[in-house]
Structures are given as C-alpha cells and as structure tokens.
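J.: compute the structure for the input listed below.
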Amino acid sequence: MTAEYREEPCRSALNKVKGMGFKWSLNPYTGCVHRCTFCFVRAFELRADRPSDDRYGRSIRVKVNLVEVLRRELLRPSWRRELVAFGTATDPYQPAEGRYRLTRGSVQALVEMDTPFSLLTRGPLIVRDVDLLADASRRVEVTINFSVPTLDPEVWRKTEPWTSPPRQRLRALKVLSDAGVRAGVGMAPILPGLSDRPEQLTDVVRAARDAGASFIWCNVLYLRPGTREHFLESLARDWPEQLPRYEQIYAHGAYGRRADVEAVRKQVRELGRRHGIGDRPRLTPPPSRSRNEAVSEQLVLMA
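T.: Residues are numbered from 1 along each chain as shown. The predicted model follows:
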C-alpha cells in the first residue's frame, strides 16, 4: 500500500492525558499505515471529522519539528519528569520512522532530561534503536510493549493487513530483552470467536515467555463509533457468520459484556503465572541527576 506523507510542523509535542495510567503522551506521527480493522483511533478520527473508514492510514502527518519542540517543553521549569507514553494514537515505529527518526530523537531528548517513558508498537524497526534503548534503561525507567494479539495467521492477515508478522515482533522483543530492556507483550485486542480460544491464548503467552517477555497483559476488542462501523464491515466480509454474535455482544457497550471481558483477562493472567511471566524484576535505573544538571546538558545540545 502506498501512503501520502505530509511534512507539517507541530505547535506542541507533549499531550496531557486524563483517566489513564500516565499523564503525558507523545505521538510523532498522525495516522498509521498499519490500518488495523479494529484500531480504536478510528473513533477519535471520526470525532475530529477525519476519515475513519477505509481511507484511514492513507495520509500520514509527519511532525517534522517534533524533537525541537519537545526539547523546549522539557526545559520548562514546570516539567516534573513524569512518565511519557509513546504509541497512544499511532505506531511510533511504523515505516515512516525509518526515514524521519522522530521517535529515536524524542527518546534521546527524554533520556537527556531523565524522563521515564513507555512505548507501544507493532513495528520490529525498533531493533534499530536497541543501543539507545539499552542505554536509556540504565538511566530512566523504560517499558516497551509489543502488541501481539494473536499468532493465528488468518486472523492476523485479515485484521492487521499492513503490519509485520507477529513472530517477527516477538523476535524484536527478544533482541531488546537480551540487551537488558524491559519489554513485554500486550495481547490487545482479543477478538471474541476469532482469537479467544484457550489454545490461541496459550500460544501467545508461551511464545512471549520464550522471547523473554517481562510481563504480559491483555484487553478485548473496544468498539466505539468510527471503529465499530469499519470493523463490523470488515467482519461481514471476512467472517460473515460471526456478525450476528458481535452485534449481540456489542449491544451491551463498547467492551461488550463485562463478565466476558473479565473471564478473558483472568484467563490470560493465569496463563502468565503458569508460564512464569511477570517473575522478572523491574529494572531499577541509577539515581537521576539533578534538574540543573539535566537542563545544562540540554542547553549545550541545543546551542
């Protein structure tokens, strides 16, 4: 698939987040060429009056001045070095990162200011930055999440049409884990009737363990307007027999029936314990430098 890349400057880099386990997010790109049928970002695109249907992911905004803007924001006296999350609205290691290196530059800026970060990706391109991430892990708290919802080849091909194969992501996880970077697997979203069979869940957990995952977590399909229409349209094309089931399940809300959701989460937690994931301790970085030391370093780099 070909995509249009629009090089556009941004006014701000850090986004304030409410209701999550982190207060700040960072997205070097707007839009994602992975074009997963279930992508929750489609719902936000609809609310922003941008295409959420099959056109989503065909036009990518590249925030060409992102690293410069981020460095300025990190120098503000009000900055408290709180956790920054990459990948909340786009994949920071989608193919455009190979050319623009905005994610790498942003990581460098955060580490220079002793700011912890987490990152969610489906992109094995991340192994390019293993040196940077290993060094970062010795200075700040770093958590890398690889999204691996399933190893089922049919489900992957039809729901994640432009992503790398799941086992390629797991090989990338192993490279990072072997280098001392805390990395794990997010099994999200798990799709009712398609990727939630016990043997499918077990396959992912076992493969994550073999790749050296430090943790594993999961979530089920989340359907809000924008995502819902596109996903159900894709479902009707690829698995028409499942459509009545989904319409019934998601008549109960964006996550479906709460009991079903909790049952899947419990099953994955038990599988994680059974296969020994989560027993590895969190890496503890050395004491941070003072803010004055970090600011001085940033000013020198920007001179």
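
J.: going forward, measure contacts between C-alpha atoms and count neighbours the same way
T.: Fine.

J.: now do the longest strand seen in the chain: everything it contacts.
T.: The strand spanning the most residues in the chain, taking DSSP state E as the definition, is strand 183-190. The contact list for strand 183-190, computed with C-alpha atoms under 8 Å, 6 or more residues apart in numbering, reads 38, 143-150, 173, 176-177, 196, 204, 208, 212-222.

J.: gap between it and the chain center?
T.: Centroid separation for strand 183-190 versus its chain: 9 Å, with C-alpha atoms, centre = their mean, to the nearest Å.

J.: what's the spacing between the residue nearest to residue 108 when sequence neighbours are not counted and residue 189?
T.: Spatial nearest neighbour of residue 108, chain neighbours left out: residue 132 (7.6 Å); criterion: C-alpha to C-alpha, 6 or more residues apart in numbering. In this view, residue 132 and residue 189 are 29 Å apart by C-alpha to C-alpha, to the nearest Å.

J.: next, the residue nearest the centre of the chain: secondary structure please.
T.: Residue closest to the mean C-alpha point of the chain, counted by C-alpha atoms, centre = their mean, is residue 120 at 2.3 Å. What DSSP: H, G, I helix; E, B strand; the rest coil gives for residue 120 is strand.

J.: residue 51 now?
T.: What three-state DSSP gives for residue 51 is coil.

J.: quick check: it touching residue 45?
T.: Yes - Residue 51 is within contact range of residue 45, at 6.2 Å (criterion: C-alpha atoms under 8 Å).

J.: show me where the stretch 201-303 of the chain has helices.
T.: Applying DSSP state H, counting those that start in this stretch to the stretch 201-303 of the chain gives helices spanning 227-238, 243-249, 258-274, 291-302.

J.: most tightly packed of the ones you listed?
T.: Of all the helices of the stretch 201-303 of the chain, helix 227-238 carries the top mean neighbour count, a mean of 18, counting by mean count of other C-alpha atoms under 10 Å.

J.: pLDDT averaged over that helix - what is it?
T.: Helix 227-238 carries an average pLDDT of 96.

J.: what lies in contact with that helix?
T.: So helix 227-238 is contacted by 37-43, 52-54, 158, 242-243 (C-alpha under 8 Å, 6+ apart).

J.: now, which of those sits nearest residue 87?
T.: residue 41 (10.8 Å; C-alpha to C-alpha).

J.: packing partners for the helix or strand in which residue 110 is found?
T.: Using DSSP states H and E, residue 110 sits in helix 102-112. With contacts defined as 3 or more C-alpha pairs under 8 Å, 6 or more residues apart in numbering; DSSP states H and E, helix 102-112 has these neighbours: helix 66-74, helix 130-137, helix 291-302.

J.: now with 7 Å?
T.: helix 66-74 (3 or more C-alpha pairs under 7 Å, 6 or more residues apart in numbering; DSSP states H and E).
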